[in-house]
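Trainee: Pasting the sequence and the predicted model now:
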Amino acid sequence: MIDLKYLQKSFDEATQKLSKKGVDNETLENLKQLFIGLKEANATLEEAKAEQNRMSKLFGQYKQEGKDIGELKAKVDANKEVIAVLQAKANEAEEALQNVALAMPNLPDERVPVGTDEADNIELKKVLEPRTFDFEPLEHWALAEKNGWIDFERGVKLAKSRFSVLRGEAARLERALINFFLDVNREKGFEEVCVPYINNAAMLQGTGQLPKFGDDLFKIEEEELYLIPTAEVPLTNLYHDEILNENQLPILLTAYTPCFRKEAGSAGRDTRGMIRQHQFDKVEMVALTTPEQSDQIFELMVENASDILTRLGLPHRLVELCGGDLGFSAACTIDLEVWLPGQNKYREISSVSNTREFQARRAKIRFKEGKKNTLVHTLNGSALAVGRTLIAIMENYQNADGSITIPKVLEKYM
RNA sequence: GGACAGUUGGGUGAGUUGGCUGAAACCACAUCCCUGCUAAGGAUGCGUACUCGUAAGGGUACCGAGAGUUCGAAUCUCUCACUGUCCGCCA
């Protein structure tokens, strides 16, 4: 959630920043008014309550002293009705504010380029030269069929479209990648954790998936529980509503989890192959830091994801997302895109974001800074998306006969 | 799933004949003092959120969540959630 006090105080600056994300002035003006309205409503309500408390105290005194309480009771009863009305107004104001505030995206950082979509993102650098083929490289689904690695039909039979089954070497490679990723992350100082794949609504609101993006989540019927769309949710919310000690920070976490997404709004995109699935494996990094540490940790996370790709010998590039392509919670994001020779283009394989205090405010994660409680910064990034890495290996390591070479670093994991 | 018990501040844990308790005590933590030597003694401070105020200092709310009774509830009533123990079931 954005800082409403900041919005009120520095309204012009906030509108200018949020215009990068396509939020118009009117929406922000409305939010500001709702905030001011709530404060006013609360002020009058609290005044009435204070009066009520004073009279209640007197009430007890009078009774003890045996004084007549008839007049006081009349006053108190009258005030009670006033409070009920004011309370209703305040509740209404609160709800109206929350509805708008929780749907407001994070402020982008200064350095985020202006732009509306993918096309306006800025390439920062390329790592590793794509190899040249002396034959026409195939796309991963063709390779999958040749090698019997992915069973798309049976995946659909078991569940529905956008589900698939990995078989034999592919299944082993998937597992090898998970272990490899976790090991590298652990080397870099991330604590490995194993978390629930089902989280409750409060957690999803904490990281920003709810209330606005519930359509993209698989919900458990009859319960306020959801399959996680990313390990970012349980990892970040591990410290939901907690106050940490400054010396605990930074907290670096990594976890392997499957991820579940409805992919609402992606109808028709990447329908062929395994790029976009309802269920996919991912190893995620999450960091909780002080505001001072977060830029440095952000770099660490980007470099780590890039390092993993380099160790796998996968050509990739780093892309700074423009305002329009930035996620809801992110203040800045660098995507890592891996080269897919079969598709002849770079495709997203990791996304590292700094949400600053946006999620921390929602999830109430603070740390003691002297006597003060300060919101932490939360960061998240994939290291890496496992299925897409598998695809990248298939396409980059394919041979003329359709066979696939296993990258050296993975040999000991197979 | 059945039976009983519980849910208080960072921790342990008082408080359940409704007002003097936002909450004792102890521990932990912070600052200071004493002492001198590795183990202790003393003082003070120490929940969260919002809000008013330059500040000092006020106000409101919160004792699992929600609703109710009452002038007034951590304390009474109801609903729900969670935890523990026993039983059943099970990887």
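Mentor: Now that the structure is in, tell me what you want to look at. Nothing here was measured: the structure is a model prediction, and the numbers come from that model. Numbers count the residues shown, from 1 in each chain, chains lettered A, B, ... in the order given.
Trainee: Just give the nearest non-adjacent residue to the residue of the stretch 151-300 of chain A found nearest RNA strand B, would you?
Mentor: Closest residue of the stretch 151-300 of chain A to RNA strand B, Cβ to the nearest atom of the strand: residue A:243 (6.0 Å). To be clear about C-beta, it is placed using only N, CA and C from the backbone, and glycine gets the same treatment. Here the nearest residue to residue A:243 in space, its sequence neighbours aside, is residue A:366; by Cβ to Cβ, 6 or more residues apart in numbering that works out to 5.0 Å.
Trainee: tell me the contacts of that neighbour?
Mentor: When contacts are counted by Cβ atoms under 8 Å, 6 or more residues apart in numbering, residue A:366 is found next to A:242, A:243, A:244, A:360, A:373, A:374, A:375, A:376.
Trainee: just the helices in chain A please.
Mentor: Residue ranges of the helices in chain A, as given by DSSP state H, are A:4-9, A:11-19, A:25-65, A:70-101, A:140-147, A:152-158, A:169-187, A:201-207, A:232-236, A:294-311, A:358-363, A:386-396.
Trainee: For RNA strand B, find the nearest of these.
Mentor: The minimum distance between RNA strand B and these falls on helix A:25-65, with 3.3 Å, by Cβ to the nearest atom of the strand.
Trainee: Would you mind listing what in the stretch 101-250 of chain A touches RNA strand B?
Mentor: Contacts of the stretch 101-250 of chain A with RNA strand B, taken as Cβ under 7 Å from any atom of the strand, map to residue A:243.
Trainee: any weak-confidence spans in the stretch 101-250 of chain A?
Mentor: Scanning the stretch 101-250 of chain A for pLDDT under 70 picks out nothing.
Trainee: Mark out where each domain of chain A begins and ends.
Mentor: Here the domain parsing of chain A from automatic domain parsing is A:4-101, A:118-413.
Trainee: returning to what we had before: please indicate which of the contacts of residue A:366 are buried?
Mentor: A:244, A:360, A:374, A:375, A:376 (16 or more other Cβ atoms under 10 Å).
Trainee: Just the ones in strands from those, please.
Mentor: Assigned to strands by DSSP state E, the following of the buried ones among the contacts of residue A:366 qualify: A:244, A:374, A:375.
Trainee: Pipe these into TSV and attach distance to residue A:196 per row.
Mentor: Rendered in TSV, the data for those read as follows (distance: Cβ to Cβ, whole Å):
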residue	distance to residue A:196
A:244	21
A:374	28
A:375	25
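Trainee: Which one of the residues you listed is nearest to residue A:77?
Mentor: Residue A:77 lies nearest to residue A:375 out of those, by Cβ to Cβ, at 42.9 Å.
Trainee: was I right about that closest one contacting residue A:357?
Mentor: Yes. The pair formed by residue A:375 and residue A:357 meets the contact definition of Cβ atoms under 8 Å, at 4.0 Å.
Trainee: Find the nearest non-adjacent residue to the residue in the stretch 301-414 of chain A that RNA strand B sits nearest to, please.
Mentor: Nearest to RNA strand B, among the residues of the stretch 301-414 of chain A, is residue A:373, at 3.9 Å (Cβ to the nearest atom of the strand). If the residues on either side of it in the chain are set aside, residue A:373 comes closest to residue A:366, at 4.3 Å by Cβ to Cβ, 6+ apart.
Trainee: State the pLDDT value of the one you found.
Mentor: pLDDT, residue A:366: 89.
Trainee: before we move on, what about the one 5 residues further on?
Mentor: pLDDT for residue A:371: 76.
Trainee: Phi, psi for it please.
Mentor: Geometry field for residue A:371 lists phi and psi as phi -90, psi -20, criterion degrees, to the nearest 10.
Trainee: tally of neighbours for residue A:155?
Mentor: The number of residues packed near residue A:155 is 20, by other Cβ atoms under 10 Å.
Trainee: From residue A:9, how far out is the spatially closest residue to residue A:143 that is not a sequence neighbour?
Mentor: If the residues on either side of it in the chain are set aside, residue A:143 comes closest to residue A:394, at 4.8 Å by Cβ to Cβ, 6+ apart. Taken as Cβ to Cβ, to the nearest Å, the spacing of residue A:394 relative to residue A:9 amounts to 53 Å.
Trainee: With residue A:23 instead?
Mentor: 18 Å.
Trainee: got it, and residue A:188?
Mentor: If you measure residue A:188 against residue A:9 using Cβ to Cβ, the figure is 39 Å.
Trainee: Out of these two, name the residue with the larger neighbour count.
Mentor: Neighbours around residue A:188 and residue A:9, counted as other Cβ under 10 Å, are more numerous at residue A:188. The numbers are 17 against 10.
Trainee: what's the burial count for the closest residue in space to residue A:280 that isn't next to it in sequence?
Mentor: Of all residues not flanking residue A:280 in the chain, residue A:387 sits nearest, at 4.6 Å (Cβ to Cβ, 6+ apart). By other Cβ under 10 Å, 26 other residues sit near residue A:387.
Trainee: ok, residue A:387 - contacts?
Mentor: For residue A:387, the set of contacting residues under the criterion of Cβ under 8 Å, 6+ apart consists of A:174, A:274, A:277, A:280, A:281.
Trainee: in stretch A:60-79, what's buried?
Mentor: By 16+ other Cβ under 10 Å, the buried positions in stretch A:60-79 come out as A:62, A:72, A:76, A:79.
Trainee: roughly how far out does it sit from the chain middle?
Mentor: Using Cα atoms, centre = their mean, to the nearest Å, the distance from the centre of stretch A:60-79 to the centre of the chain it belongs to is 55 Å.
Trainee: now stretch A:102-112
Mentor: Taking Cα atoms, centre = their mean, one finds stretch A:102-112 lying 13 Å from the centre of the chain it belongs to.
Trainee: first to last residue in it, what's the distance?
Mentor: Stretch A:102-112 has its terminal residues 22 Å apart, counting by Cα to Cα, to the nearest Å.
Trainee: can you list contacts of that stretch?
Mentor: A:1-2, A:14, A:17-18, A:20-21, A:23, A:27-28, A:31, A:205, A:211-212, A:320-323, A:326, A:328-332, A:354-356, A:358, A:362.
Trainee: ok, now with 6 Å
Mentor: Contacting residues not belonging to stretch A:102-112 are listed as A:2, A:17, A:20-21, A:211-212, A:323, A:326, A:328-329, A:331-332, A:358 [Cβ atoms under 6 Å, 6 or more residues apart in numbering].
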